[in-house]
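Novice: Dropping a prediction and its sequence here:
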Amino acid sequence: MRQIFNDNIVQDIKEKIQSAGLKATPQRIAIYDIMLNMGHVSADMVIERLRQSYPSLTRATVYNVLESFEKSGLIVKRYSPSNKMFFDINTYDHVHLYDKQESTYRDYSDISLIELVRDYLKDKHIPGFDVEKVEVQLIGRSVAVAE
């Protein structure tokens, strides 16, 4: 994990956390910084990154911080196909690419695909269900790109 030395970055993170109605504790700042650097993380990934800086930080504390971030709208919670919980720092509409071999997420910007699904569902009536949000997740594996 990179150390936060830049006062401007720390201040930006504090303001972001406080604007969500949360207290900007050192642990919350450190966890949000990890989210900024990694994008998609599990609680275990956060714990691993914080082990040296915060050796007494418990798994429960990390989960509680991530849950408070999610409830306040700072991050989005998602589940992998294997039902592992991940948290995403990017709350805007985007497509998720899930690499099932690496158990990792990557963002893919394709608003047309999301709009296509929204438009398709707009005039559909699904009995007993109201669609509130469309999230698109593509599952596969990363492959080398020919140059």
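Specialist: Cool, got the structure.
Novice: Could you give the backbone dihedrals for A24?
Specialist: Summarising the backbone geometry of A24 under the convention degrees, to the nearest 10, its torsions are phi -90, psi 80.
Novice: Relative to K133, how far out is the residue lying farthest from the centre of the chain?
Specialist: Seen from the C-alpha centroid of the chain, the residue lying at the greatest distance (CA atoms, centre = their mean) is P127, 30.9 Å away. P127 sits 19 Å away from K133, going by CB to CB, to the nearest Å. Any C-beta I mention is one placed from the backbone N, CA and C, and that applies to glycine too.
Novice: Likewise for P81?
Specialist: In this structure, P81 and K133 are 19 Å apart, going by CB to CB.
Novice: what pairs with the spatially most central residue of the chain across the strands?
Specialist: Most central in the chain under CA atoms, centre = their mean is D88, positioned 0.7 Å from the mean C-alpha point. The partner list for D88 in beta bridges (DSSP bridges) reads H40, V76.
Novice: so what are the domain limits for the protein?
Specialist: Here the domain parsing of the chain from automatic domain parsing is 7-88, 95-140.
Novice: Just the endpoints, please. Distance across the longest one?
Specialist: End-to-end distance of domain 7-88 (CA to CA, to the nearest Å): 24 Å.
Novice: Please apply the same query to the shortest one.
Specialist: From its first residue to its last, domain 95-140 covers 13 Å (CA to CA).
Novice: average pLDDT for stretch 103-118?
Specialist: Confidence for stretch 103-118, expressed as mean pLDDT, is 90.
Novice: If you tally nearby residues, what's the number for Q101?
Specialist: 8 (other CB atoms under 10 Å).
Novice: Against A43, how distant is the nearest residue to it once chain neighbours are set aside?
Specialist: The shortest distance from Q101 to any residue that is not its chain neighbour, by CB to CB, 6 or more residues apart in numbering, is 4.7 Å, and that residue is R141. Plainly put, R141 is 24 Å away from A43 if you go by CB to CB.
Novice: Excluding chain neighbours, what is closest to V41?
Specialist: Nearest non-adjacent residue to V41, counting by CB to CB, 6+ apart: F87, 5.7 Å away.
Novice: Could you do R118 as well?
Specialist: Closest residue to R118 apart from its sequence neighbours, by CB to CB, 6+ apart: V134 at 5.1 Å.
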